[in-house]
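A.B. asks: Fold the following, please.
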Amino acid sequence: RPYACELCRRRFTRHDYLQKHMRSHTGEKPYCCEVCGHGFKRCGNFKRHQRMHTGEKPYRCDLCGRRFSQCSNYKRHQCHHSAGEEPLSCSSCPQAFSQCSSLKDHRHMHTGEKPYRCEVCDLHFSHRSILWSHRRTHAELQPYVCELCQRRFVRSDYLQKHMCIHTYKRTVTPYRCEQCGRGFSQSGSLERHRLREHLHTGEKPYRCEACGQAFMRAFSLKNHLTLKRHQGIHTGERPYVCEVCNRSFARDTTLKSHRRVHTGEKPFRCEVCDRAFSHPTTLKNHQYVHMQGKQHQCDVCGKAFSRATTLRKHEQTH
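C.D. replies: Numbers count the residues shown, from 1 in each chain. The predicted model follows:
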């Protein structure tokens, strides 16, 4: 085990194992959510957290078809089938649920209650999942920038929370490499790092294809691209072109959303009736069917109406 921790002398067979272990001393959380500012020590925990924002549900029950974003929730759901438990029924409609939290959220549609509040714009929502989807609309606007690592945040308190990572690291590892920012507890360790690592040749391998600017680190390029996408909204630049129909877009996310027109992909799923949609706005329009009792829905845009005649008039606009 050639790799030894300088603080507790614990040894490891691989350098990346040592790097992960060092986070227990420094408090470093290198995996940072760009939507809400939460930091994580482990990549697995970071990926699980991201699903709350993206709405991704990779775990599917083979018995009833229900999908889950977390493995733990999926396993807990499986126990309901194994134990033969009766589903939790809504007293106002025929819908049934396996978890109390799902039934509680569903009841908000009948009562009109909206207990989930967006901290950025103060809008309220009846379902937690709708709130997570809404929060993604704020992700593009991140005016608060960390001067040390260039990460961007939606709110100033998220930035302040993130700054604690740097403050704690400077306390435990005061000897810092001016080239890459890595910290060490002893000056000798810093000198060995400078001689051993190949990070300080001046090479900048991460290059922006749009403007040619180069960066030493991948996340610096990522932050640069995020800012450039936002600036494109004001300049009118549309550099992202669909390979199928040649339509151009100002943002790569808009192009990605547009491609679903050609592929037929529908990643956004309604938690109430399990219907799938290609765009989050279409899903949002559909969710009003459940909230307001509008049963006649347009298959093109997802907009719902209380009368079939109104729907037919609307369909003529397409």
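
A.B. asks: how about the helices of the stretch 1-150 of the chain, start to end?
C.D. replies: Using DSSP state H, counting those that start in this stretch, the helices found in the stretch 1-150 of the chain span residues 15-26, 43-54, 71-83, 100-111, 128-135.

A.B. asks: Run the chain-centre distance for the last one.
C.D. replies: Computed by CA atoms, centre = their mean, to the nearest Å, the separation of helix 128-135 from the middle of its chain amounts to 11 Å.

A.B. asks: Use 216 as the first number for this chain going forward.
C.D. replies: Fine by me, first position is 216 from now on; the one you just mentioned is helix 343-350.

A.B. asks: ok so, going back, nearest to residue 393, of the helices of the stretch 216-365 of the chain?
C.D. replies: helix 230-241 (18.1 Å; CB to CB). Heads up, the C-betas are built off the backbone N, CA and C, glycines and all.

A.B. asks: so what does that closest one touch, helix or strand wise?
C.D. replies: With contacts defined as 3 or more CB pairs under 8 Å, 6 or more residues apart in numbering; DSSP states H and E, helix 230-241 has these neighbours: strand 218-219, helix 371-387.

A.B. asks: Any idea which helix or strand in this structure has the lowest mean pLDDT?
C.D. replies: helix 433-450 (a mean of 64; mean pLDDT, DSSP states H and E).

A.B. asks: ok so, going back, mean pLDDT lowest for which of the helices and strands packed on helix 230-241?
C.D. replies: Lowest mean pLDDT within the helices and strands packed on helix 230-241: helix 371-387, a mean of 68.

A.B. asks: helix or strand right after that one?
C.D. replies: Next helix or strand after helix 371-387 toward the C-terminus (DSSP states H and E): strand 390-391.

A.B. asks: List the strands paired with the helix or strand just after that next one, with their directions.
C.D. replies: Moving toward the C-terminus from strand 390-391, the next helix or strand (DSSP H and E) is strand 398-399. Pairing partners of strand 398-399, with direction, according to DSSP bridges: strand 390-391 (antiparallel).

A.B. asks: what's the offset of the partner strand from the middle of its chain?
C.D. replies: Going by CA atoms, centre = their mean, the spacing between the C-alpha centre of strand 390-391 and its chain's C-alpha centre is 32 Å.

A.B. asks: For the helices of the stretch 216-365 of the chain, state which one has the densest average packing.
C.D. replies: Comparing the helices of the stretch 216-365 of the chain by mean neighbour count (mean count of other CB atoms under 10 Å), helix 343-350 comes out on top with a mean of 19.

A.B. asks: now that helix against helix 315-326, angle please.
C.D. replies: Relative orientation of helix 343-350 and helix 315-326, computed by axes from the mean of the first three to the mean of the last three CA atoms, to 10 degrees: 80 degrees.

A.B. asks: Next up, phi/psi of residue 460, please.
C.D. replies: phi -120, psi 0 (degrees, to the nearest 10).

A.B. asks: I'd say it and residue 477 touch.
C.D. replies: Yes - between residue 460 and residue 477 there is a contact under CB atoms under 8 Å: 7.4 Å.

A.B. asks: Any stretches of the stretch 366-515 of the chain with poor pLDDT?
C.D. replies: Scanning the stretch 366-515 of the chain for pLDDT under 70 picks out 369, 379-388, 394-396, 400-401, 407-418, 425, 431-434, 441-452, 503-510.

A.B. asks: can you check the stretch 216-365 of the chain too?
C.D. replies: 241-242, 249-252, 295-302, 313, 348, 350-357, 365.

A.B. asks: my guess is residue 283 meets residue 292, correct?
C.D. replies: Yes - the criterion here is CB under 8 Å, and residue 283 meets it with residue 292 at 6.5 Å.

A.B. asks: Give the residues shared as contacts by those two.
C.D. replies: residue 276 (CB atoms under 8 Å, 6 or more residues apart in numbering).
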